[in-house]
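Student: got a predicted structure here, sequence first:
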Amino acid sequence: MNSITKLHAKPFQDQFGRHKRKLRISITDRCNFKCVYCMPEHPEWMHKHNLLSFEALYAFCKFMVQRGIEQIRITGGEPLMRQGVVHFVQQLKTLKVLGLKRISMTTNGHYLKHYAHALQEAGLDDLNISLDSLDEQQFQQLTQRKLGPVLEGIAEAQKAGLKLKINTVLMQSLNENQIIPLVQWATQEQIELRFIEFMPLDGDQKWTQQEVVSEQYILDSLSRQFEVQRVDGHGTQPARQYRVNGQIIGIISTITHSFCGRCDRLRLNAQGEFYNCLFSLNGLNLKQDIETLSSDPQQVDILLNSKLTSYIWQKEQGFHSLMIKKPQSNVRKISMHMIGG
């Protein structure tokens, strides 16, 4: 592992003046769930020999932290399916002397019971867990897996002292009836809950606007049973926050109220493709540069910095501008499982 050297480089910035502080690293596209809003019916997995090694991923994370990245989120697929992820968290923790402030992970929770304490000890700061229904039969329909292990994983993560958020993707005629039960459950468990509007990132590309459970629909549902108050000042966070009977609830409304204007995120998938936006029409293949970075950083340092500076600068204004710029049929389609959301 390379020695730690602190730099004072300016953060990457796009043409709209948004500085990039957060990096999402997908370490695998594989997942044991088949969530209908994410995984295609017949996924074609990345070949394992094409995945970046953890050594290479660490080298890239170090490079990015030295250039202003303050938060790193480990995603998948399902990140706990890749052996070595706990050690990777330990490695990332060493970057805190360079300015890294937060190490996070997004998981479906199925394997969390076995990893929660190890992740906490390794230095993981917080955890987002996908939970789209509390109804066992409905959960099975949505994921093709059982609900029990996920709830056990959440309980174990609470015992380990990890800071948790629950993410729920809502879809019309599938699980919009879970709004009230999930709020009641989250209030009882004292866990922050975030509802997410269904985005056009489903594996089989069948997304339609009619399936979206909008932020307004959610608020109307909540207002019939609870006192709901808007909470201002969420900064660069994607969720608009509300206080529901005293409990904080977030709504990520990419479709109806995009947060793109304050986006500070960048993304790298498991085989070295870099994206300046979740909906980017074109990515940047950095696999060879990143692998060289881990063995001979001086050889590619300046070139990689130049490539990233140019590509990040070209980031579009946001999701809706991308939809307008290209006809829907020509927009790059990437399944959520390949880039981590």
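Tutor: All right, it came through fine.

Student: the helices in the stretch 1-150 of the chain, which residues?
Tutor: 54-65, 85-93, 112-122, 136-143, 148-160 (DSSP state H, counting those that start in this stretch).

Student: and the ones you listed: which comes nearest R24?
Tutor: helix 54-65 (11.0 Å; C-beta to C-beta). C-beta here means a position set from N, CA and C on the backbone, and glycine is covered the same way.

Student: quick one, the closest one and helix 85-93 angle?
Tutor: Counting by axes from the mean of the first three to the mean of the last three C-alpha atoms, to 10 degrees, helix 54-65 points 30 degrees away from the direction of helix 85-93.

Student: next, the buried residues of helix 54-65.
Tutor: In terms of neighbour count (16 or more other C-beta atoms under 10 Å), helix 54-65 has its buried residues at 54, 56-65.

Student: next one: stretch 143-156
Tutor: By neighbour count with 16+ other C-beta under 10 Å, stretch 143-156 contains the buried residues 143, 145, 147, 149-154, 156.

Student: mind exporting the lengthiest helix in the chain as PDB, just the C-alpha atoms?
Tutor: In terms of residue count, the longest helix belonging to the chain (DSSP state H) is helix 297-313. Only the C-alpha atoms of helix 297-313 are listed here, as PDB (Å, rounded to 0.1, in the frame of the first residue of the first chain):
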ATOM      1  CA  PRO A 297       1.000   6.200  -9.300                       C
ATOM      2  CA  GLN A 298       3.500   8.800 -10.700                       C
ATOM      3  CA  GLN A 299       3.000   7.300 -14.200                       C
ATOM      4  CA  VAL A 300      -0.700   8.200 -14.400                       C
ATOM      5  CA  ASP A 301      -1.300  10.800 -11.700                       C
ATOM      6  CA  ILE A 302      -1.300  13.900 -14.000                       C
ATOM      7  CA  LEU A 303      -3.100  12.100 -16.900                       C
ATOM      8  CA  LEU A 304      -5.900  10.700 -14.600                       C
ATOM      9  CA  ASN A 305      -6.400  14.100 -13.000                       C
ATOM     10  CA  SER A 306      -6.700  15.700 -16.400                       C
ATOM     11  CA  LYS A 307      -9.200  13.100 -17.700                       C
ATOM     12  CA  LEU A 308     -11.400  13.400 -14.600                       C
ATOM     13  CA  THR A 309     -11.200  17.200 -14.500                       C
ATOM     14  CA  SER A 310     -12.500  17.400 -18.100                       C
ATOM     15  CA  TYR A 311     -15.100  14.700 -17.800                       C
ATOM     16  CA  ILE A 312     -16.500  16.000 -14.500                       C
ATOM     17  CA  TRP A 313     -16.600  19.600 -15.800                       C
END
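
Student: can you list contacts of that helix?
Tutor: The list of residues contacting helix 297-313 from outside it, by C-beta atoms under 8 Å, 6 or more residues apart in numbering, reads 2, 12-15, 20, 59, 63, 67, 266, 274, 276, 284, 286, 289-290, 292-293.

Student: any weak-confidence spans in the stretch 1-150 of the chain?
Tutor: 1-8 (pLDDT under 70).

Student: hey, where'd the strands end up in it?
Tutor: Counting by DSSP state E, counting those that start in this stretch, the stretch 1-150 of the chain has strands at residues 22-26, 71-75, 102-107, 126-130.

Student: so can I have TSV of these showing distance to Q184 and mean neighbour count?
Tutor: What follows is the strands of the stretch 1-150 of the chain, written out as TSV (distance: least, C-beta to C-beta, whole Å; neighbours: other C-beta atoms under 10 Å):
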stretch	distance to Q184	mean neighbour count
strand 22-26	31	23
strand 71-75	28	23
strand 102-107	23	22
strand 126-130	17	21
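
Student: adding distance to Q91, write those strands out as JSON lines.
Tutor: Formatted as JSON lines, the entries for those read as follows, by distance: least, C-beta to C-beta, whole Å:
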{"stretch": "strand 22-26", "distance to Q91": "12"}
{"stretch": "strand 71-75", "distance to Q91": "11"}
{"stretch": "strand 102-107", "distance to Q91": "10"}
{"stretch": "strand 126-130", "distance to Q91": "18"}
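
Student: can I get the buried residues of helix 54-65 in JSON lines with distance to E189?
Tutor: Output for these, formatted as JSON lines (distance: C-beta to C-beta, whole Å):
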{"residue": "F54", "distance to E189": "33"}
{"residue": "A56", "distance to E189": "38"}
{"residue": "L57", "distance to E189": "33"}
{"residue": "Y58", "distance to E189": "34"}
{"residue": "A59", "distance to E189": "38"}
{"residue": "F60", "distance to E189": "36"}
{"residue": "C61", "distance to E189": "32"}
{"residue": "K62", "distance to E189": "36"}
{"residue": "F63", "distance to E189": "38"}
{"residue": "M64", "distance to E189": "34"}
{"residue": "V65", "distance to E189": "33"}
